[in-house]
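Trainee: Provided below for reference: sequence and predicted model.
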Amino acid sequence: MTAKRLRVHVDGIVQGVGFRPFVHGLAREFGVSGWVRNTGEGVDIEAEAVDLDGFLTALRARTPALARIDTVTLAALEPLGDKGFVIQLSAATGGRRTLVSPDTATCADCLAELADPADRRYRYPFVNCTNCGPRFTIVTGVPYDRAATTMADFAMCAPCRQEYDDPTDRRFHAQPTCCPACGPRLSLLDRAGTTLPGDPLLAAAARLRDGAIVAVKGLGGYHLAVDAADESAVARLRGRKHREDKPFAVLVPDLAAARALCAVDETEAALLSGSRRPIVLLDRRPDAALAPSVAPGNRYVGLLLPYTPLHHLLIEAVGRPIVLTSGNVSDEPIAYTDADAGDRLGGIADAFLVHDRPIHMRTDDSVARVVTGRAQPVRRSRGYAPEPLRLPVECSRPVLAVGAELKSTFCLARGRHAFVSHHIGDLANYETFRSFTEGIEHFGRLFDVVPEVVAHDLHPEYLSTKYALDLPDVDLVGVQHHHAHIASCLADNGVSEPVVGVAFDGTGFGTDGTLWGGEILVADLASFQRVGHLAPVPLPGGAAAIRAPWRMAAAYLQAAYGDDIPVGLAVEGRNAATWTTVLAMAARAVNAPLTTSAGRLFDAVAALVGVRDEVNYEGQAAIELEQRADPAQRGAYPLSSSGGVLAGTDLIRAVVDDLRRGIAVPVIAARFHRGLAAATVRAAVDAASTAGLDTVALSGGVFQNVTLLTLVIDGLQAEGLRVLTHEQVPCNDGGISLGQAAVAAALPAYDSGTGR
Ligand code: ZN
Ligand code: ZN
Ligand code: FE
């Protein structure tokens, strides 16, 4: 019976997540001697016993909730015959290369303490432990320990210190450990910043019940809260925020409350109550007790469950659902510093529920939905970032991918790890652009990535492109926007072989200088070929046409009918003042770049049938058109193609014919969706058979349209094709940075400094 000794190196999310106590417990259970310690690159273990198999199997099988093992490497050592197993604290050269975990919803153990009158953390809004609590939003630098978090200024009291130092305690080295005696505190302020008397939480709840708007400092920024059933209060919030139609998210106390407002299936319930706690888009019940202004004209409503003790206590005290929406005006980024919140939200909120733990990283709530039984991200942020995704190919050199412009994210990559940032927002805004550049620097320090290769969009006017082109001493890789979408979907699914890619979105810069957006590609990570697309039409007025879908209706009518546009169409009547100017603009190709965008085709139809002439937020016309579509309708408009070019004008003519026959809008909307889906399936099947491929990847923001997505998936599967959709990053431009990084990683290595 000779003992064996192994050096076990574990890579992944293994620090700050209770991994060493977990190993310590396993060692006791399996009679293993040796030690465990954090290193700069994960966790090292020396384990000695006659039989180590059980220990090693359990190491992988029983990983703690927040940990994620990427690799385990073993090396044989000479047995030392030591007794016992210890957690070594010394060698922690710091978490230079270790992975900071995302912020995580309050765990069951902490909730039990929160509700226990005998516990010293009873009703304490900042209770947390190794298995839950703030992480990414409070980390200021590396190595990851308390001094490098926004908890640095809170000195632990003796009982907290004892828990923190005890390897058998749930709070062993939980950096945000605190209690009412030593940790952050709540206060309630009026608009002038004066502290209001009474229990801050109960007073805030009372104000919410009275219809007031309360700014609440959360995990990644300030939210604005208001009673979700009080129409006058919600309408007041909408007015003050200058947010016309975009839906508000609603915080509900538990799943039962969610089910009272929306249909919630098991997958959705798991997503709502899981540790990441995104806002989940759900089908609202017709009788849902929600103010109409919460989500005007929308069949869906975004619900979320409380994810911090503060939110648990607040919603319990209010006793009914509350709107919880980003603390900002219009499209600005969410406020996250106290000074900023006071300045920017002073005109919106009636009171401020605040605390003295600073937020270091501004992080919005994530948004997800379930389609065909699987969760799909719409916005990947709090609870998900900065957890690394695994690239299907390894980067030979460190990569920065700067993403696109709207729904901006960036991605840093080294080896197989891709660190996709939290949602940054629309880069056109100066403050967002600053978050973008500071975020890149922060991620670089946190994950020890000094980029040598920088991937960017081809659009010369994107601020992200300009930023990339200005970086010194890096090799640049320009990645076509729709290739990036498809590469993103491949990376999301761990696939690197060639596929047919369908990339439908608003617009992206094409290699021919026109605006693409209805693309059929044959692509792998390194390269792509454009094998089909929607027929190009003019975008009259450029960006103005994106804000005004009726302009796309005009452009499409002209493309379909030339000078013989049928008279008496309502869309022309509603926009008579500038109709002929816009037609002339389109005809003469003055300030009217060509586009093959699928999103703009949806806009044209939405305006044509009278759903929406102008939008207040990106994608609004398409979203409302989808919601009008009659799910019982089985008809589909024909759409011809020739040489891979799809005649979108066929759909326009069919819509006009049905309109003039007096067919109802829901029927027209459904026939349009079904016609486009059938044509998309046919085009993808043709491309697959020509190229000898059996897999189709679907990406681009238009595939947030569940009706279209479901029809296309069903159609492709019925043809025996494998379909890839997004599960880890959004199909919209929030996923572009991952795709760019995957393309850069897959390109053949070239000598440093020579460029491409
Ligand atoms: Zn906990
Ligand atoms: Zn304490
Ligand atoms: Fe896009």
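Mentor: Thanks, I have it. Ligands and ions are numbered 1, 2, ... in the order given.
Trainee: Give me every residue in this protein lying close to ligand 2.
Mentor: Residues of the chain that fall close to ligand 2, judged by C-beta under 5 Å from the ion: 157, 160, 179, 181-182. All C-beta atoms are positioned from the backbone trio N, CA, C, and that covers glycine.
Trainee: and whichever residue of the stretch 101-250 of the chain sits closest to ligand 3, how many residues sit next to it?
Mentor: Residue nearest to ligand 3 within the stretch 101-250 of the chain: residue 246 (19.2 Å; C-beta to the ion). Residue 246 has 17 neighbours, counted by other C-beta atoms under 10 Å.
Trainee: thinking again about what came up before, by neighbour count, which of the residues of the chain next to ligand 2 wins?
Mentor: Busiest of those [other C-beta under 10 Å] is residue 160, holding 21 neighbours.
Trainee: mind checking how far the closest residue in space to residue 99 that isn't next to it in sequence is from residue 307?
Mentor: In space, and not counting its chain neighbours, residue 99 is closest to residue 13: 4.4 Å by C-beta to C-beta, 6 or more residues apart in numbering. As defined by C-beta to C-beta, to the nearest Å, residue 13 lies at a distance of 19 Å from residue 307.
Trainee: what does residue 451 give?
Mentor: Distance from residue 451 to residue 307, by C-beta to C-beta: 32 Å.
Trainee: can you check residue 41 too?
Mentor: Applying C-beta to C-beta, the value for residue 41 to residue 307 is 30 Å.
Trainee: and these two? which has more neighbours close in?
Mentor: Between residue 41 and residue 307, counting by other C-beta under 10 Å, residue 307 is the more crowded of the two (23 against 17).
Trainee: tell me the pLDDT at the more buried one?
Mentor: Predicted confidence (pLDDT) for residue 307: 98.
Trainee: hang on, it is in a helix, isn't it?
Mentor: No - assessed with DSSP: H, G, I helix; E, B strand; the rest coil, residue 307 is coil; it does not lie in a helix.
Trainee: Enumerate every residue touching it.
Mentor: Contact analysis of residue 307 by C-beta atoms under 8 Å, 6 or more residues apart in numbering lists 103, 105-106, 219, 277, 382-383.
Trainee: Spatially, which two of those residues are the most separated?
Mentor: 106 and 382 (13.7 Å; C-beta to C-beta).
Trainee: Settle it for me: which of the two has more neighbours?
Mentor: residue 382 (28 against 24).
Trainee: Touching, residue 497 and residue 523? I think so.
Mentor: No - the pair residue 497 / residue 523 is not scored as a contact, 10.3 Å apart, by C-beta atoms under 8 Å.
Trainee: So between those two, which is more surrounded?
Mentor: In terms of neighbours (other C-beta under 10 Å), residue 523 is the more surrounded of residue 497 and residue 523; the figures are 27 against 11.
Trainee: Show the pLDDT at that one.
Mentor: For residue 523, the model assigns a pLDDT of 98.
Trainee: swap in residue 618?
Mentor: 90.
Trainee: which residues in the stretch 51-200 of the chain form helices?
Mentor: 53-61, 108-114, 158-165, 200-209 (DSSP state H, counting those that start in this stretch).
Trainee: Before I go, just wanted to say thanks for your time.
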